[in-house]
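S.K.: Build me a structure from this.
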Amino acid sequence: MTKIEENALQEFVEVVRRLRRECPWDRIQTNRSIRHYTLEEVYELVEAIDGEKWDEVKGELGDILLNVLLHAQIAEDEGRFTLVEMVRSETRKMVVRHPHVFGEVDAETPEQVKINWERIKSAQGRKSIFEGIPVAFPALARAFKVQDRAAKVGFDWESSDEVWPKVLEELNELQEVVKSKEEQRVEEELGDFLFSLVNYARHIGVHPESALRLATEKFLSRFSFVETELSKQGISLHDATLNQMNELWEKSKERE
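M.R.: Sure thing, here's the model as predicted:
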């Protein structure tokens, strides 16, 4: 890190410390009270990255750094730990968990790195391979993480070609339950189908959370076009026929 970079980071730290001393809002915050802001900033960063809006990415990364420093300063003010302790702890963890960089372990591929990472975490006292996966994760992301952890110890299909028949099997079971009108089993079978679909996504190298987010944004863009065009024609969305909406929907797809 250059002297200019050190000065810039130190200046930012001092700004946060001053805010905690002198700003009425910052002064009353706790780690719990600002946690939802931290989560919001992460989602805003993801949105900016997906849109390849790099100026916004820069800004959102700055907002996340602000949240990190504020959390650390609050913890320091309350006697829990200091910013320096947090940084040193994370530095030690990165060194220990990257023996292929800082030690004598060989790891030539990303997969080998991930396997070593999990072995080291287990050796450090983790009771279960699933320990540390937040319950509050979005469901698709949590399913992906659970499957990924299981795969790291060898509990996995060999290839996507083996996973796909399982997806179709779960889809058929879901359809049968829906036809039989066994309402209490529909949710369970839908969950099994989605879980198998997440597994397939993992095997083809796609994160289902990202894929669904992109699909949702695509739908919003297309339907916004439908709304706009209907408005131009003086037709209320609530009064439009399905045929009118479908026709505009197809036009929206042609624009892409």
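
S.K.: And the strands in the chain?
M.R.: Counting by DSSP state E, one finds no strands in the chain.

S.K.: per-domain residue ranges of it.
M.R.: 3-87, 139-206, 210-254 (automatic domain parsing).

S.K.: got JSON lines for these, with mean neighbour count and mean pLDDT too?
M.R.: To be clear about C-beta, it is placed using only N, CA and C from the backbone, and glycine gets the same treatment. JSON lines is the format used below for the domains of the chain (neighbours: other C-beta atoms under 10 Å; pLDDT from 0 to 100):
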{"stretch": "domain 3-87", "mean neighbour count": "14", "mean pLDDT": "95"}
{"stretch": "domain 139-206", "mean neighbour count": "15", "mean pLDDT": "94"}
{"stretch": "domain 210-254", "mean neighbour count": "13", "mean pLDDT": "94"}
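
S.K.: will you turn the ones you listed into CSV that also has distance to Ser122?
M.R.: Formatted as CSV, the domains of the chain follow (distance: least, C-beta to C-beta, whole Å):
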stretch, distance to Ser122
domain 3-87, 24
domain 139-206, 9
domain 210-254, 28
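
S.K.: so which of these comes closest to Arg97?
M.R.: Comparison of the domains of the chain against Arg97 by C-beta to C-beta identifies domain 139-206 as nearest, at 13.7 Å.

S.K.: So what's the gap between the closest one and the chain middle?
M.R.: Put simply, domain 139-206 sits 19 Å off its chain's centre (C-alpha atoms, centre = their mean, to the nearest Å).

S.K.: One more: stretch 249-256?
M.R.: For stretch 249-256, the distance to the chain centre is 29 Å (C-alpha atoms, centre = their mean).

S.K.: can you list contacts of that stretch?
M.R.: Stretch 249-256 has contacts (C-beta atoms under 8 Å, 6 or more residues apart in numbering) with Ser221, Arg222, Phe223, Phe225, Val226, Glu229.

S.K.: Need the contact partners of stretch 37-46.
M.R.: Val57, Glu60, Leu61, Asp63, Ile64, Asn67, His71, Arg213.

S.K.: same thing but 10 Å
M.R.: Here stretch 37-46 makes contact (C-beta atoms under 10 Å, 6 or more residues apart in numbering) with 29, 31, 56-57, 59-68, 70-71, 136, 209-210, 213.

S.K.: Narrow the residues you listed to those in helices?
M.R.: 56-57, 59-68, 70-71, 209-210, 213 (DSSP state H).

S.K.: how close does Asp144 sit to Glu189?
M.R.: Let me fix one detail, which is that residue 144 is Phe and not Asp. Phe144 is 20 Å from Glu189, where distance means C-beta to C-beta, to the nearest Å.

S.K.: Kindly report the same for Glu104.
M.R.: 50 Å.

S.K.: Could you do Leu171 as well?
M.R.: Separation of Leu171 from Glu189 (C-beta to C-beta) stands at 9 Å.

S.K.: Likewise for Trp249?
M.R.: With the distance defined as C-beta to C-beta, Trp249 ends up 30 Å from Glu189.

S.K.: try Ala48
M.R.: 37 Å.

S.K.: Of the domains of the chain, which is nearest Pro110?
M.R.: domain 139-206 (11.4 Å).

S.K.: give me every residue that touches the closest residue to Val198 other than its chain neighbours.
M.R.: The spatially closest residue to Val198, leaving aside those adjacent along the chain, is Ala143, at 4.5 Å (C-beta to C-beta, 6 or more residues apart in numbering). Taking C-beta under 10 Å, 6+ apart, we find Ala143 in contact with 133, 137, 191, 194-199, 201-202, 208-209.

S.K.: I appreciate the help and will end here.
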